[in-house]
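**Student:** My questions are about this predicted structure, shown below with the sequence.
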Amino acid sequence: MNIESILLPGIDPKRPVVISGPCSAESEGQCLDIARGLSKIGVKIFRAGIWKPRTKPGGFEGMGAKALPWLKKIKEETSMYTATEVATKDHVFAALKAGIDILWVGARTTANPFAVQEVADAISGADVPVLIKNPVNPDLELWVGGIERLYGAGIKKIGAIHRGFGLYEKKLYRNEPMWHIPIELRRRMPELPLFCDPSHIGGRREYIAEISQQAMDLCFDGLMIESHCCPDKALSDASQQITPEMLDHLLSLLVVRDAFRPSKDLSEMRVKIDQIDTQIVDLLGKRMEICDEIGHYKKEHNMPVLQPVRYGETLRDRAETGLSKHLDPAFVREIIKEIHEESVRRQLAILNG
Ligand code: PEP
Ligand code: MN
């Protein structure tokens, strides 16, 4: 929302601000080829991983500090800004010394408060934008905690990157977007610039366009997209990288809608929504009053709170009713589950009160 707060001179704040480059810096030639391709299509910020956190040892763990001069060369030749991931204080010191313009904290690091604190303290005092990815696990508080640690260390230019969440159960995408989590982050920190990383969410190049579009429709400020001149030959994340030409095509197809266009019609529809929400809350209050009455009845008659058969029937029945109102049964079940959980909590309090 407030992308200007972290932008470096010469970067257009128009959505989406694009950061692109390889998953990993592999060689000076590979980096330069990609940077030239990206520069040609107007990308101004080049990303490359130098220290790669890998799930298992023995994989390609990045080129380390010897790749830093390659990024410097890209800067000199193309005038692009450069960005890399830092996970330890040594990474921070080396990256700052080499003149890297933007640092980012990776998903595995955000999941570890000790590591975030170390990185934050090391950056403290440097006037460099820092982007922090969400933790691998779907834990908004951990993400917010990481952001607070950066602010706490006196870092002023902070942004967040949504890269999806790793779930045990494998689904279509490599990392589940769980959009409600970045949406809630935006509600809590409306001024925080928000990027989406569709490459790590999708895990496969064919999903990048649809995820990028979704991010634009949800008003994200920017995109971080992995690119490579020979994606299939990439040493890491080969299946999710795209060529600069593919990126150009993808960006040209993106529909970026006006962020804010207040109108009378919209205000009227919103008044209706507000009224309906008030009715929903009112009904929830009434429902809980009856649940409390039932709680007292159960206590008097020595009955347990949970009646599993009744609960199963309620879920089925409400999902069916929802269907006739064109509501997704999974959505209705989810809401009823939440309401039921609250009823059980209140009845347990009554039983033990
Ligand atoms: C990356 O951007 O290359 C990376 C390792 O991402 P993440 O921390 O999101 O897994
Ligand atoms: Mn990657």
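**Tutor:** Alright, I've got the coordinates. Ligands and ions are numbered 1, 2, ... in the order given.

**Student:** For I132, pull up the helix or strand it's in.
**Tutor:** Element membership of I132, judged by DSSP states H and E, is strand 130-133.

**Student:** and that strand, which residues are buried?
**Tutor:** V130, L131, I132, K133 (16 or more other C-beta atoms under 10 Å). From N, CA and C alone the C-beta is placed, and that goes for glycine too.

**Student:** and the last one, what are its bridge partners?
**Tutor:** Yep, that's K133 we're talking about. I161 (DSSP bridges).

**Student:** need the contact list for it.
**Tutor:** W104, V105, G106, A107, T110, A160, I161, H162, R163, D197 (C-beta atoms under 8 Å, 6 or more residues apart in numbering).

**Student:** Which of those residues fall in strands?
**Tutor:** W104, V105, A160, I161, H162 (DSSP state E).

**Student:** which one of these has the most neighbours?
**Tutor:** When neighbours are taken as other C-beta atoms under 10 Å, the top entry among these is H162 (29 neighbours).

**Student:** List the contacts of that one.
**Tutor:** Applying C-beta under 8 Å, 6+ apart, the residues contacting H162 are K133, N134, P177, I181, P182, L194, F195, C196, D197, I201, A215, F220.

**Student:** Just give the number of residues close to the residue of the stretch 101-250 of the chain found nearest ligand 1.
**Tutor:** Closest residue of the stretch 101-250 of the chain to ligand 1, C-beta to the nearest ligand atom: G106 (3.1 Å). Look at G106: counted by other C-beta under 10 Å, it has 23 neighbours.

**Student:** Next: Q214.
**Tutor:** Q214 has 15 nearby residues by other C-beta under 10 Å.

**Student:** Equivalent analysis for D12, please.
**Tutor:** Using other C-beta under 10 Å: D12 sits among 11 other residues.

**Student:** Skip the chain neighbours and tell me the closest residue to it.
**Tutor:** K44 (7.8 Å; C-beta to C-beta, 6 or more residues apart in numbering).

**Student:** Go ahead and confirm that neighbour touches K14.
**Tutor:** No. With contacts counted by C-beta atoms under 8 Å, K44 stays clear of K14, the gap being 11.6 Å.

**Student:** tell me the two of the buried residues of strand 130-133 that are most distant?
**Tutor:** V130 and K133 (10.9 Å; C-beta to C-beta).

**Student:** Give the residues shared as contacts by these two.
**Tutor:** Common neighbours of V130 and K133 (C-beta under 8 Å, 6+ apart) are W104, V105.

**Student:** On the three-state scheme, whichever residue of the stretch 251-353 of the chain sits closest to ligand 2 is what?
**Tutor:** Scanning the stretch 251-353 of the chain for the residue nearest ligand 2 gives L251, at 19.3 Å (criterion: C-beta to the ion). Following DSSP: H, G, I helix; E, B strand; the rest coil, L251 is assigned to helix.

**Student:** again with F331
**Tutor:** Applying three-state DSSP: F331 is helix.

**Student:** Equivalent analysis for the one 4 residues further on, please.
**Tutor:** Using three-state DSSP as the criterion, the local structure at I335 reads helix.

**Student:** neighbours around it, how many?
**Tutor:** When neighbours are counted by other C-beta under 10 Å, I335 comes out with 13.

**Student:** remind me which residues of the protein are low pLDDT?
**Tutor:** 1, 259 (pLDDT under 70).

**Student:** Domain-wise, how is it divided?
**Tutor:** Following the assignment in automatic domain parsing, the chain carries domains at 3-253, 264-351.

**Student:** most packed of these?
**Tutor:** domain 3-253 (a mean of 19; mean count of other C-beta atoms under 10 Å).

**Student:** end-to-end on that domain?
**Tutor:** 22 Å (C-alpha to C-alpha, to the nearest Å).

**Student:** One more: stretch 20-31?
**Tutor:** 11 Å.

**Student:** before we move on, the earlier item: and the ones in strands among the contacts of K133, which two are the farthest apart?
**Tutor:** Checking those with C-beta to C-beta, the most distant pair is V105 and H162, at 13.3 Å.

**Student:** just checking, I181 touches G164?
**Tutor:** No. Using C-beta under 8 Å, I181 is not in contact with G164, being 9.5 Å away.
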